[in-house]
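Student: starting from these lines, generate the structure:
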Amino acid sequence: MEKWLSQEEASEALGVRRQTLYAYVSRGLIEVRPDPERNNRNQYRGEDIEAMIRRQKMGRGRRKIAESTMSWGEPIITTRISTITHGRLFYRGREAVALSHEASLEEVAGLLWEAEEIPHFPTLPALGDPPPGRARSYAALAIATAEAMPSHSLAPVILMRDSARLVGLLASHMADLPAAEAPLHLRLAQAWGCAEKADLIRRALVLLADQELTSSAFAARVTVSTGASLAAAAMAGIAALSGPMHGDATRRVQLVVEDALRSSPETALQRWMATGSALPGFGHKLYPEGDPRAASLLATFTPPPEISALITLVRARTGQEPTIDVALAALASHCALPGDAAYALFAIGRSVGWMAHAIEQITAGTLIRPRAQYIGPEIARAEA
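Tutor: Residues are numbered from 1 along each chain as shown. Predicted structure coming up:
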């Protein structure tokens, strides 16, 4: 449960006068809300105050600031693509949840890429082996990377065209897409045999398109900052996404969900907690009051009762809300999608964001090259 402080508590915690606290609020540094129990009084968001205290303790030392950026810390890169503000995700100033009500992934790509025309993600000839899924999509991206031109010399119109082609390439190898001009979510639904559920797939893709500076978006930016191709950026992005602490969290969530479907939510939760590992798919550092993407998607269909019971049980035991990974697992079960379709949806949707970050980084024209602080054995001194 999120913590809110009174004006006196907030001022004392920060060590500032009331006027200074009000100045922080006016600058958007601290969120404020009316006190639900006391008239004419306000409450101040505890997480914002804790963040300000951390910054005060850190001071302006460059080393401390740099260290803090590497793990859910201070912003490291300026971007106009997306941001998370007070528990809500925005794509270029427009709320992602609101966009998911009607927009297609193509329309969101046009927004994130600042394209003059809405792009089309083509169905491309797929490699014969292996079957649709991760291995085939990774192989296709590797081939595209080997054949692609460096990115820094390409005109904007070519960057847009190549970005759309790469999203289509990834989707064409994650699923056996039909050769059609229809929006991507319709082709995916047809490929997975759930044409009547196409709108749910559309919503999921839009909600997954970007999320500020994720590990995979950063990997894509670092790669393309060297002048490497957009295909190389997509390859770097999907490599980072494949980790269990990022996009492949969907696989761990599905293990818990499948256990709940086979046995019971109570048994599944007990088995996972007995491992000593954090329960995947619940609680998100950037969404302390709950992942709005998950809440929005779960509200559009009726999850299997076992999954609903699992969500209720975890909420009661831990106070944590489901993340988008749980919503994807529930969607996959509801639509009877193939085994790895949740990850495929994540990768396809997020590839739009990778291309947006790559294009923004190319436009910036700077090399991302952080420095490392050496903490190893003492350096041997040369003898005189």
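Student: from residue 320, how far off is residue 287?
Tutor: Distance of residue 287 to residue 320, given as CB to CB, to the nearest Å: 10 Å. C-betas here are computed from N, CA, C, even on glycine.
Student: who's more crowded, the two?
Tutor: residue 287 (20 against 17; other CB atoms under 10 Å).
Student: now that one, nearest residue through space, not along the chain?
Tutor: Leaving out its chain neighbours, the residue that sits closest to residue 287 by CB to CB, 6 or more residues apart in numbering is residue 87, at 5.3 Å.
Student: then residue 48?
Tutor: Counting by CB to CB, 6+ apart, residue 48 lies nearest to residue 30, which is 4.3 Å off, once chain neighbours are set aside.
Student: pLDDT value on the one you found, please?
Tutor: In this model, residue 30 is scored at 89, pLDDT.
Student: where do the helices sit along the stretch 1-150 of the chain?
Tutor: For the stretch 1-150 of the chain, applying DSSP state H, counting those that start in this stretch gives helices covering 7-14, 18-26, 46-58, 62-68, 96-100, 105-113, 134-147.
Student: which among the ones you listed is found nearest to residue 296?
Tutor: Closest of those to residue 296 is helix 96-100, at 4.5 Å (criterion: CB to CB).
Student: pLDDT averaged over the closest one - what is it?
Tutor: Here the average pLDDT along helix 96-100 is 98.
Student: put the alpha carbons of it into PDB.
Tutor: What follows is helix 96-100, C-alpha atoms only, in PDB (Å, rounded to 0.1, in the frame of the first residue of the first chain):
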ATOM      1  CA  ALA A  96      -0.800   4.200 -23.100                       C
ATOM      2  CA  VAL A  97      -4.000   2.700 -21.500                       C
ATOM      3  CA  ALA A  98      -6.200   5.200 -23.300                       C
ATOM      4  CA  LEU A  99      -4.400   4.500 -26.600                       C
ATOM      5  CA  SER A 100      -5.000   0.700 -26.100                       C
END
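Student: other residues contacting it?
Tutor: Residues outside helix 96-100 that contact it (CB atoms under 8 Å, 6 or more residues apart in numbering): 82, 88-91, 107-108, 111, 202-203, 206-207, 209, 292-293, 296-297.
Student: what angle sits between the host helix or strand of residue 171 and helix 134-147?
Tutor: In this structure, residue 171 is located in helix 156-174 according to DSSP states H and E. Note on geometry: by axes from the mean of the first three to the mean of the last three CA atoms, to 10 degrees, helix 156-174 and helix 134-147 are set 150 degrees apart in direction.
Student: how far away from the center of its chain is helix 156-174?
Tutor: Mean-position distance between helix 156-174 and its chain equals 19 Å (CA atoms, centre = their mean, to the nearest Å).
Student: cool, and stretch 307-326?
Tutor: With CA atoms, centre = their mean, you get 19 Å for stretch 307-326.
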